[in-house]
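>>> Quick one: sequence and predicted model below, then my questions.
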Amino acid sequence: MESWYLLDESTGVLRTTGPFTREQLEGMAVAGSLVPESRVAAVGSSEWIPASSDPVLAGLFRSVPPRSPELVMPMPADGGFAASSFSFGAAFSLGLASFKSRWSAWLLLGLVWLAITIAIGVPQFIASFVGEAMNNSGQEQAGALVALFGACIGLVLQVLVGMPLFAGAIYAAAAIHGGDTQVSNVFAGFRRYGAAVTSGLLVLLIYIGVVVAAYIPMLLMVIIGAAISGAAGGGPGAAVAISAVLGVLVGLAVIVVLMALVVMRVLCAPVIAIDPAFGYPGAMQALRMSWSQTAGLGFPMMGLMVVAAIIAAATVLLLCVGYILIGIPLFMANFGAMYLLVHRNRMTARPASMY
């Protein structure tokens, strides 16, 4: 499906928004924010032209009634939709509606993603299988080395292949919402490989830091419980058990809060790094952009992902086929909706072909 970038001149500073589908631009024409003189550039083009000169868009203005100047609604000052356009309900509704209308595209995206993910895990599975067989035959040390080697290979593949794949899958999901159903979009992360891997590693390090921070209260509570039990003259007992339970609860609370306030806010940095709509920023810049665009949205974003993950997990009960036909496609649709509403609708970039 064709799409166009729109040059916003309403603030006196040239800003590029989009890309938008024909249907979206038609809505803008009706609202008055797109006029015949508005400059547009089709995706793949390097030339700005008046919307009325585009052979596809020219017909939009024939059916639009004249509007008085005071009714014309200007584009937002930040070059896109306001951050408040995202909410749990809006994203979930968009994801569900797109899942229903473009189910075949979501299914194909899910199958490609699942197939590559499984392929990434094959070397580690083989090494684990061989290592277990060696353990059973009495070669415990060699079996442990083989299993460790397999785990290392698995981690390397997750970084070198899994991270670009994640970025490409979410980019492809956002594209499906915009009407572009090309499955090749899932490989977009490999076309900007360095940026996808580097930004993905930064997000991974942040996630590891969050997990470590969550373990600290657990460890402290266990130490306190052991100290109380020792001071009472007894061995490990009720005090240690109670402290351990409290530590787990506090740790869970910490990890939930940090996931919402930190991880969710940088999660889409690898996608931003490969998205031409953002001008292909570097890894650190993509991280900063993701952070700045998600202020105050961490908890609803995490809520959307948790609900989508629960629904996807529940579809496993449908003889596992439901996970492939419903679970993965619906999760992808919701993740793509989140990225679209939080990030993509606020972008300011030039047409992709100008880079």
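That came through, no problem.
>>> Could you pull out the strands in the protein for me?
With DSSP state E, the ranges of strands along the chain come out as 3-8, 15-21, 39-42, 49-50.
>>> which stretch in these has the least confidence?
Of all those, mean pLDDT reaches its minimum on strand 15-21 (a mean of 77).
>>> I'd like to know which elements the worst-scoring helix or strand of the chain on mean pLDDT is packed against.
For the chain, using mean pLDDT, DSSP states H and E, the weakest element among its helices and strands is helix 22-31, scoring a mean of 74. Counting by 3 or more C-beta pairs under 8 Å, 6 or more residues apart in numbering; DSSP states H and E, the packing neighbours recorded for helix 22-31 are strand 3-8. Placement of C-beta: from N, CA and C, glycine included.
>>> Please tabulate the strands of the chain in a markdown table, including the columns mean neighbour count and distance to residue 314.
As requested, those are exported to a markdown table (neighbours: other C-beta atoms under 10 Å; distance: least, C-beta to C-beta, whole Å):
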| stretch | mean neighbour count | distance to residue 314 |
| --- | --- | --- |
| strand 3-8 | 22 | 35 |
| strand 15-21 | 22 | 32 |
| strand 39-42 | 21 | 42 |
| strand 49-50 | 14 | 50 |
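>>> Please tabulate these in JSON lines, including the columns distance to residue 174.
As requested, the strands of the chain are exported to JSON lines (distance: least, C-beta to C-beta, whole Å):
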{"stretch": "strand 3-8", "distance to residue 174": "12"}
{"stretch": "strand 15-21", "distance to residue 174": "11"}
{"stretch": "strand 39-42", "distance to residue 174": "19"}
{"stretch": "strand 49-50", "distance to residue 174": "26"}
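>>> so which of these comes closest to residue 107?
With C-beta to C-beta, the closest approach to residue 107 among the strands of the chain belongs to strand 15-21: 21.3 Å.
>>> Given the closest one, what are its sheet partners and their directions?
In the sheet, strand 15-21 lines up against strand 3-8 (antiparallel) (DSSP bridges).
>>> how close does the most centrally placed residue in the chain sit to residue 36?
Centroid check for the chain by C-alpha atoms, centre = their mean gives residue 268 as the closest residue, at 4.6 Å. From residue 268 over to residue 36 the distance is 36 Å, taken as C-beta to C-beta, to the nearest Å.
>>> Residue 286 against residue 196, yeah?
No: with contact defined as C-beta atoms under 8 Å, residue 286 does not reach residue 196; the gap is 9.6 Å.
>>> what residues do those two have in common as contacts?
Shared contacts of residue 286 and residue 196 (C-beta atoms under 8 Å, 6 or more residues apart in numbering): 270, 273.
>>> Pretty sure residue 221 sits against residue 246.
Yes: counting by C-beta under 8 Å, residue 246 is a contact partner of residue 221 at 5.2 Å.
>>> Neighbour count: the two, which is higher?
Neighbour count, other C-beta atoms under 10 Å: between residue 221 and residue 246, residue 221 has more, with 21 against 16.
>>> What distance do you get for the residue nearest to the centre of the chain to residue 336?
In terms of C-beta to C-beta, residue 268 sits 11 Å off from residue 336.
>>> right, and the strands of the chain - which one's nearest residue 96?
For residue 96, the closest of these is strand 15-21, at 19.2 Å, according to C-beta to C-beta.
>>> angle of the closest one against helix 22-31?
Here strand 15-21 runs at an angle of 120 degrees relative to helix 22-31 (axes from the mean of the first three to the mean of the last three C-alpha atoms, to 10 degrees).
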